[in-house]
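Asks: turn this into a model:
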Amino acid sequence: MGTEWMGRYRPLVAALVRHTNIVQRTFSKRAPLTEGISLTAQEWQVFEYILEHQEDDSCMNCISEQLGIPQSTFSKIAKLLCELGLVDKYQAENNRKNIILRPSDMGAEIYRRHAAAINQASFKGFFSELESLSDDELAVFTAALEKLDRALSQGEPEKQKPRLIKKV
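Replies: Numbering: from 1, shown residues only. Have a look, this model is predicted:
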């Protein structure tokens, strides 16, 4: 049996495989942002998510699930971002267990300075290739990628929401 089962999608699958391999190879390389501060692509993604969702009050566990990063890895990244002064930790007055992450003023400024350069280096050409797609077509492609991600992560233990018991 060959790869006939992929049909007309073979070039897309090949591009996804190559993309995944390149991402894995480059994910741990550090890129300098300022003197003494450099981040890997995954650390940058976490930092960017925190900036983008700073009004959500999402706890660390929620963010790690949203990004598909194991909680132990996410905790290490959050700790590093805090040690570098890019992110601050907060607790809700009524729930001190959940840690809420917010960008520091310094972190927000560093992000503003470097986001454009990262866009230019990594995403500008990618986005220009997608420019001819309508918003609906882009949504369909995004949904297809999300469905593929769910299928690929089937072997991972599924996170079940805890059953809530009303406190008397």
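
Asks: C-alpha only now, for contacts and for neighbours.
Replies: OK.

Asks: give the contact list for H114.
Replies: Contacts for H114 (C-alpha atoms under 8 Å, 6 or more residues apart in numbering) come out as L33.

Asks: shift numbering so it begins at 83
Replies: Yes, from this point I'll number from 83; that puts the last item at H196.

Asks: helix, strand or coil for D170?
Replies: Three-state call for D170 (DSSP: H, G, I helix; E, B strand; the rest coil): strand.

Asks: residues near it, how many?
Replies: D170 has 19 neighbours, counted by other C-alpha atoms under 10 Å.

Asks: please apply the same query to S140.
Replies: 18.

Asks: ok, E86 next?
Replies: E86, neighbours per other C-alpha under 10 Å, totals 9.

Asks: any idea how far it lies from V95?
Replies: As judged by C-alpha to C-alpha, to the nearest Å, E86 and V95 stand 12 Å apart.

Asks: do L227 as well
Replies: Taken as C-alpha to C-alpha, the span from L227 to V95 is 11 Å.

Asks: again, but for N143
Replies: The value you get for N143 to V95, if C-alpha to C-alpha is used, is 31 Å.

Asks: out of these two, which sits in the more crowded spot?
Replies: Here N143 and V95 are compared on neighbour count by other C-alpha under 10 Å; more neighbours surround N143, at 17 against 12.

Asks: and the more buried one, which helix or strand is it part of?
Replies: According to DSSP states H and E, N143 maps onto helix 142-149.

Asks: next secondary structure after that helix?
Replies: The C-terminal neighbour of helix 142-149 among helices and strands, as given by DSSP H and E, is helix 153-165.

Asks: what does that following helix contact?
Replies: Taking C-alpha under 8 Å, 6+ apart as the rule, helix 153-165 contacts 125, 128-129, 142-143, 146-147, 169-171.

Asks: now the two most distant members of the residues you listed.
Replies: The largest separation in the contacts of helix 153-165, counting by C-alpha to C-alpha, is between E147 and D170 at 19.8 Å.

Asks: now the longest strand along the chain against helix 142-149, angle please.
Replies: Using DSSP state E to define each element, the chain has its longest strand at strand 177-185. For strand 177-185 against helix 142-149, the angle by axes from the mean of the first three to the mean of the last three C-alpha atoms, to 10 degrees is 50 degrees.
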